Each structure stands twice: as structure tokens, then as C-alpha cells.
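J.: Pasting a predicted model and its sequence here:
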Amino acid sequence: MMVFSGTSNREWAEDIAEHLGVELGNVKISKFANGEIYVRFLESVRGADVFLLQSVCTPVNDCLMELLIMVDAAKRASARTITAVVSHYGYARQDKKSAAREPITAKLVADLMTTAGVDRVIAMDLHQGQIQGFFNQPVNHLTALPILADYFESLELENMCVVSPDVGRAKACKKLADMLGASLAIMHKGRPEHNVAEITHVIGEVAGKNCIIADDMIDTAGSVTEGAKALVQKGAKSVYVCATHGIFSPPAYERIESSPAVEVVVTNTLPVPEERKHGKIRVLSVAPLFAHAIQNVYNDESVSELFDPDFQL
């Protein structure tokens, strides 16, 4: 086993390597003056099972291209197998045609990774589970729900209600609600334009309850902060927000601080600046789960045992 990290989320990668009991491999990643990316493995990968750790985050296109070039370099260096460990799958929101003449960019990214030479993908909480079908290679789809559930159980909140930010997320929220022994509510969300959310209805009883809005990602934080306001107006006792991927594009931090949410809980699938890990934002580590998945893949053992095998997003 050889584990290498891209430049996008080094802290997460080092955490995984520590749990695996291995050192991150030696790879040189640099840029030419015009921005082109250069990758060279500084140790032999011939015949090795190579795991490439990368988050497709800001700058998204650079991180994606860096991963593809790492895959190509490993393939041309005669690696036995190449597994892309992608904590956050970029372009996942463009997984279908919602309007005429739109691309399905999530499928394009899958095609790019396949063409580059990926043999397997390990990902976490894809925006839609159907993205697994965009690959002809095995995809191990992990979920952070048990980690988030453990955290909220530790808070010992009473009378909890898990709130889905939209209908599409309801199935995952039902799973989280079952883990916590909580009730379920669903918000109806409209999007007049990209990164703009309008909460029109809340389906379910939220008055007097400690509500947890659970989403897969928080980008500009418009959906969750508007949702928190809507729940408070409906009489919620308190509002917490959780998501696997904290993208936090501007003006997310300002919206979160001014929102009625008590706390916003995310995982380290995407890097959060150290100065932001205070106040309302809490970051949980998913590195142990990724490390266990990598170890099981390497040893040809079951990955589904790491979480509920009956659960699919």
C-alpha cells in the first residue's frame, strides 16, 4: 500500500495516514509559470496499490486537474491499482439535466477520472447516490451520518427533530432521525437562481423541539440559514445545522454568525480555515472512517460493514 496526498486538504490526508500507521508518499506537485500543474512521484510505485487522497475544493478546477494528473503519473509509473479517495466530489450538484441545454458535469468528471486510469473510487456522501452509476469501476460510498449522530447524541438534547432542507434529502434525514430517536420534518425549498434559496413551507411539527437541519453540503449557507429562520418562526426551541461538506463560499461565514442557529457542524472532508473553527462552526474528523475503508479495500475485506449496509442515499 502506498498513500499519496494532493495539495487540497493536507491536514485530512495526514490524519488518515496516521490512522493507517503509514507515511504519506513523496510526491512533487508544482506549477509552471502559466498555471499548468506538474506532478512527479519521487519514489517507485511499480506494482503498488496506490491510494490518492484529494478533496475537489476551491480552486475546484485546479484540484480536479491535479488529481487527474496524479492518476496519470501513477498509471505510467506502473502502479498495480489506483484508488482515488475523493472526500468531496466536485461538480456533484450537476448530476442531471434540470433544464434544456444543460450539461451533466458529474458524469463528465467520472469520465475524466476513468480515462485518466482510476481503478476504484472511495467517496463520502455524494450529492446523489446515482453518481455511483456514472462509473464502471467500483465505488465505495461512505457516509458521515453515524459520526454526526454520535456528536448530537453527546449533546443529550431532548425532544429532537431532524429537518430535511428539501424533499431530495428526506431519505438520509429519516436515517439520521432513526439513529437519534427523533422525529422528522421536511422543508419545501425553491431556488429562483443558483445559490439563492427560498423556504416556502415546513411539513411536520417543529414547535418546542430542538431541530437539526441535516444537509450534504453547505456552500453559501443560504438554504440552512433561511431554514433556521423559518424554524424559529414556527416555534422551534433551538436550531442546529449539520452537513458532511462545509464548502463555505462567501458570504457563508457572515450568514452563519448572524443566523439563529446555535451551532453548525461539518466534517473535515473539506479544509476549514483555523481561524473559523470557533464560534458557531464545529468540525468533526472523518479520517478514521476513511482510513478503515482504505485498509479494508487493501485487504479485500468488506467496506459496507463500516456503516449501515442497508442505507443508500
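T.: Okay, I see it.
J.: Following the chain onward from the helix or strand bottoming out on mean pLDDT in the chain, which element is next?
T.: Lowest by mean pLDDT, DSSP states H and E among the helices and strands of the chain is strand 196-203, with a mean of 76. Tracing the chain past strand 196-203, the next element assigned as helix or strand by DSSP states H and E is strand 210-218.
J.: and the chain, what are its domains?
T.: As assigned by automatic domain parsing, the chain contains the domains 2-143+288-306, 145-284.
J.: what would those look like in a markdown table with mean neighbour count?
T.: Placement of C-beta: from N, CA and C, glycine included. Shown next, in a markdown table, are the domains of the chain (neighbours: other C-beta atoms under 10 Å):
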| stretch | mean neighbour count |
| --- | --- |
| domain 2-143+288-306 | 18 |
| domain 145-284 | 19 |
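J.: lowest-confidence stretch among those domains?
T.: Note on these: domain 145-284 shows the lowest mean pLDDT, a mean of 92.
J.: Endpoint to endpoint, that one covers what distance?
T.: Taking C-alpha to C-alpha, to the nearest Å, domain 145-284 runs 11 Å from one end to the other.
J.: Next: stretch 136-153.
T.: 38 Å.
J.: quick one: the strands in the stretch 1-150 of the chain?
T.: Along the stretch 1-150 of the chain, counting by DSSP state E, counting those that start in this stretch, strands occupy 2-5, 27-31, 37-41, 49-54, 81-86, 120-124, 139-142.
J.: Quick one: the helices in the stretch 151-300 of the chain, in order.
T.: Remark: helices assigned in the stretch 151-300 of the chain by DSSP state H, counting those that start in this stretch are 170-180, 222-233, 252-258, 287-298.
J.: among those helices, which is nearest T81?
T.: Nearest to T81 among the helices of the stretch 151-300 of the chain is helix 287-298; the distance by C-beta to C-beta comes to 9.2 Å.
J.: what's that closest one in contact with?
T.: Contact partners of helix 287-298, identified using C-beta atoms under 8 Å, 6 or more residues apart in numbering, comprise 1, 3, 12, 15-16, 18-20, 49, 51, 83, 85, 87, 120, 122, 124, 140, 142, 144, 147, 268, 301-303, 305-307.
J.: what's the angle from that helix to strand 81-86?
T.: Put simply, helix 287-298 runs at 160 degrees to strand 81-86, going by axes from the mean of the first three to the mean of the last three C-alpha atoms, to 10 degrees.
J.: Begin at 27, not 1, for the rest of this chat.
T.: Understood, numbering begins at 27; the last thing we discussed is helix 313-324.
J.: Tell me the strands beside the longest strand seen in the chain, with direction?
T.: Ranked by residue count, the top strand of the chain under DSSP state E comes out as strand 209-219. Sheet pairing of strand 209-219 (DSSP bridges) gives strand 186-190 (parallel), strand 222-229 (antiparallel).
J.: Let me have those in JSON lines, extended by distance to A196.
T.: JSON lines is the format used below for the strands paired with strand 209-219 (distance: least, C-beta to C-beta, whole Å):
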{"stretch": "strand 186-190", "distance to A196": "4"}
{"stretch": "strand 222-229", "distance to A196": "9"}
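J.: list the contacts for A103?
T.: F67, S70, V71, R72.
J.: and with 7 Å instead?
T.: A103 makes contact with F67, V71, R72 under the criterion C-beta atoms under 7 Å, 6 or more residues apart in numbering.
J.: Now distance to I282 too, for these, in CSV please.
T.: Shown next, in CSV, are the contacts of A103 (distance: C-beta to C-beta, whole Å):
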residue, distance to I282
F67, 40
V71, 42
R72, 47
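J.: so which of those comes closest to I225?
T.: Once C-beta to C-beta is applied, the member of those that ends up nearest I225 is F67, at 48.6 Å.
J.: ok, what's across the strand from the closest one?
T.: For F67, the beta-bridge partners are V53 (DSSP bridges).
J.: That one contacts A99, doesn't it?
T.: Yes: proximity of F67 to A99 meets the contact threshold set by C-beta atoms under 7 Å, at 6.0 Å.
J.: Phi first, then psi, for the closest residue to K122 other than its chain neighbours.
T.: Of all residues not flanking K122 in the chain, I130 sits nearest, at 6.2 Å (C-beta to C-beta, 6 or more residues apart in numbering). Torsion angles at I130 (phi, psi; degrees, to the nearest 10) stand at phi -110, psi 80.
J.: Distance of I130 relative to A118?
T.: I130 is 11 Å from A118, where distance means C-beta to C-beta, to the nearest Å.
J.: Equivalent analysis for K57, please.
T.: For K57 relative to A118 (C-beta to C-beta), the value is 26 Å.
J.: doesn't V76 make contact with S104?
T.: No: using C-beta under 7 Å, S104 is not in contact with V76, being 10.3 Å away.
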